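**Q** Got a predicted structure plus its sequence, pasted below:
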Protein chains: 2
Amino acid sequence: MSLVAEPVARAVQLGFAAWMRSMQQRVEQALDARLPPANLAPARLHEAMRYAALGGGKRVRPLLAYAAGELTRAPAARVERVAVAVELIHAYSLVHDDMPCMDDDVLRRGRPTCHVRFDEATAMLAGDALQSEATLVIVEDVLADDPARNAGLLRSFALACGSRGMAGGQAIDLAGVGQVLSLAELERMHSLKTGALIRTAVLLGAGCGEPLDSAEDAALARFADAAGLAFQVVDDVLDVEASSAQLGKTAGKDAIQHKPTYVSLLGLAAAKARAAALREEARAALAGFGDRARRLAEIADFIILRHH
Amino acid sequence: MSLVAEPVARAVQLGFAAWMRSMQQRVEQALDARLPPANLAPARLHEAMRYAALGGGKRVRPLLAYAAGELTRAPAARVERVAVAVELIHAYSLVHDDMPCMDDDVLRRGRPTCHVRFDEATAMLAGDALQSEATLVIVEDVLADDPARNAGLLRSFALACGSRGMAGGQAIDLAGVGQVLSLAELERMHSLKTGALIRTAVLLGAGCGEPLDSAEDAALARFADAAGLAFQVVDDVLDVEASSAQLGKTAGKDAIQHKPTYVSLLGLAAAKARAAALREEARAALAGFGDRARRLAEIADFIILRHH
């Protein structure tokens, strides 16, 4: 079993900004290599899949997978498959979420959304096929040598994507437009819509490596849940405070669509305070891991202190 | 390793019609048991998933999986997971295919299509979540004890669903509306759109059991490809000859949408002759298996001789 490959091992010496850039390049290359080429038939579908998945994004989920894999000294090739798979799932969810029957958005990562650039049918199929591609990446080889442990990891991946995870969160989000949600209901929605996949990135990234005990697993899950929620709180704050140009997507849409947000429920100042509290929760959950969890803590800081 | 469970072993004694009914009930029960209950939140999404997957359909793909599993004496629980997974993928593809941006169809299995009964956003998410559910079913435990063989089966499953399989075939189908296709192009489209999943049902059902040699594997693939194409030829014939009531879906749509079909390319008589030739091909491919392949041959007959 090969341990962490050279690039990751060296990256530990890097400052966070350099490490992040290096990992972002790495997942971009891996996605590029894995996705079918744009000239392979059906070319329009493959173009749309590549358009949706390549060339942008903060790659927060892959960063979390790489950092969690560092913590457990996971084999680089396995962690990379986790990083690619969660990003493909994320990309598919954005394509479908942007469609007219869902959020009806025209701008994403500073470019026209997939159905605007191509057409609705192609966007729907591209999202469908990106999900299948993620399945292919995650199943084509084992993540853990022990068959039962491997099946457990794959099972948690599939659960995080479906109706008890991300797709379920999108359905609750959809039902909530124009409704008054409680803070608990809002957090439940986000814990599924974005939280489930973020948790999966962390737990599967770590799961590729040396086994953790159950207290450590629970601590990582607490970290992932706090970081995931913080990501959403900050998103809500930025939707109010940042411009479309800074965000690369349409700013101010939540208020226009009467979507319940942390800002609409708590007000701006309290939403910012909640983000700061979640940052502390995330860091506290990592305390027992010492320096092995440094990258994860730095990613939480990046998530919470970002401006776009 | 448990061999084929009692119900399947006994079923071998049954005539085909009784066997088919028994297997159809079995997959219906398995789907019902696996899908999240309709009262679990988000309830509307779970209702839509159940509406799309339960209560109808010929269940051709599960029948093929069960029959192929009989051929290799596969453990019943594993074959059942294959049967459920391919049917969930088929159900998701119908939901998305029926949507306004694709075929824009309002009738399926004699009932309103999913987006008509619910709404477009719910239908899109239900399709997405049905795909994730299929992944969950297929990965949550092994299909074969040997890890490399297991990974190969999972890999072929994911490939059959994505852009190099079913989703790719749908994209080619979409691009072909109003175009003049050659017979070879039409067959290529169908070999992806419906053929890939039918082939997977056969090869994965068989793959759960005693290993076949490469000639036997190739023969099963030839059978699946012939049966899959025959299914499509007969569909095209029935679209012309049967009523919507018989089909449970809108009849005559191919001509209205100027879709290339076997009938539009070959004429009705030659399309029927092609179906008969494919039936012979399918039966010839099974010749080497003797009586072990009886159910597969009977399914091919059922596919080709059906009236709806």
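**A** Cool, got the structure.
**Q** hey, let's count contacts and neighbours off CA atoms from now on
**A** Will do.
**Q** And the residue nearest the centre of chain A, which helix or strand is it part of?
**A** With distances taken as CA atoms, centre = their mean, the residue of chain A nearest its centroid is residue A:61 (3.6 Å). Per DSSP states H and E, residue A:61 falls inside helix A:60-71.
**Q** so what does the helix or strand hosting residue A:225 touch, helix or strand wise?
**A** Assigned by DSSP H and E, residue A:225 falls within helix A:214-241. Helix A:214-241 is packed against helix A:183-190, helix A:196-207, helix A:253-256, helix A:262-266, helix A:268-286, helix A:294-305, with contacts defined by 3 or more CA pairs under 8 Å, 6 or more residues apart in numbering or on different chains; DSSP states H and E.
**Q** got the angle for that helix vs helix A:196-207?
**A** 140 degrees (axes from the mean of the first three to the mean of the last three CA atoms, to 10 degrees).
**Q** Helix A:214-241 versus helix A:268-286: what angle between them?
**A** Using the same axes, to 10 degrees, helix A:214-241 lies at 160 degrees relative to helix A:268-286.
**Q** which of the residues in helix A:214-241 are buried?
**A** Neighbour-count burial for helix A:214-241, counted by 16 or more other CA atoms under 10 Å in any protein chain shown, picks out A:219-240.
**Q** just to revisit the earlier point, do you know how far the residue nearest to the centre of chain A is from residue A:281?
**A** 19 Å (CA to CA, to the nearest Å).
**Q** What pLDDT is listed against residue A:2?
**A** Note for residue A:2: predicted pLDDT of 42.
**Q** number of nearby residues for whichever residue of the stretch 151-300 of chain A sits closest to chain B?
**A** Scanning the stretch 151-300 of chain A for the residue nearest chain B gives residue A:162, at 4.5 Å (criterion: CA to the nearest CA). When neighbours are counted by other CA atoms under 10 Å in any protein chain shown, residue A:162 registers 26.
**Q** Report the contact partners of the residue nearest to it when sequence neighbours are not counted.
**A** In this structure, residue A:162 finds its nearest non-sequential neighbour in residue B:129, 4.5 Å apart by CA to CA, 6 or more residues apart in numbering or on different chains. With contact set as CA atoms under 8 Å, 6 or more residues apart in numbering or on different chains, residue B:129 has these partners: A:161, A:162, A:163, A:167, A:168, B:49.
**Q** Out of the residues you listed, the closest to residue A:182 would be?
**A** residue A:168 (17.9 Å; CA to CA).
**Q** Tell me if I'm right that that closest one and residue A:190 touch.
**A** No: contact criterion CA atoms under 8 Å: residue A:168 and residue A:190 do not qualify, at 10.1 Å.
**Q** which element follows the helix-or-strand element of chain A with minimal mean pLDDT toward the C-terminus?
**A** When the helices and strands of chain A are compared on mean pLDDT, DSSP states H and E, helix A:6-11 comes out lowest with a mean of 47. Where DSSP H and E defines the elements, the next helix or strand beyond helix A:6-11 is helix A:16-34.
**Q** pLDDT averaged over that following helix - what is it?
**A** For helix A:16-34, the per-residue pLDDT averages 97.
**Q** Does chain B have contacts with that helix?
**A** No: Helix A:16-34 is not in contact with chain B by CA under 8 Å from any CA of the partner chain; minimum separation 12.5 Å.
**Q** repeat for stretch A:150-159
**A** Yes: Stretch A:150-159 reaches chain B (CA under 8 Å from any CA) through A:151, A:152, A:154, A:155, A:158, A:159.
**Q** With adjacent residues omitted, what lies nearest to the first one?
**A** When you say that, I think you mean residue A:151. residue B:140 (5.2 Å).
**Q** isn't that neighbour right next to residue A:154, touching?
**A** Yes: between residue B:140 and residue A:154 there is a contact under CA under 8 Å: 6.5 Å.
**Q** With neighbour numbers in mind, choose between these two.
**A** Ranked by neighbour count (other CA under 10 Å), residue B:140 and residue A:154 place residue A:154 first, with 26 against 20.
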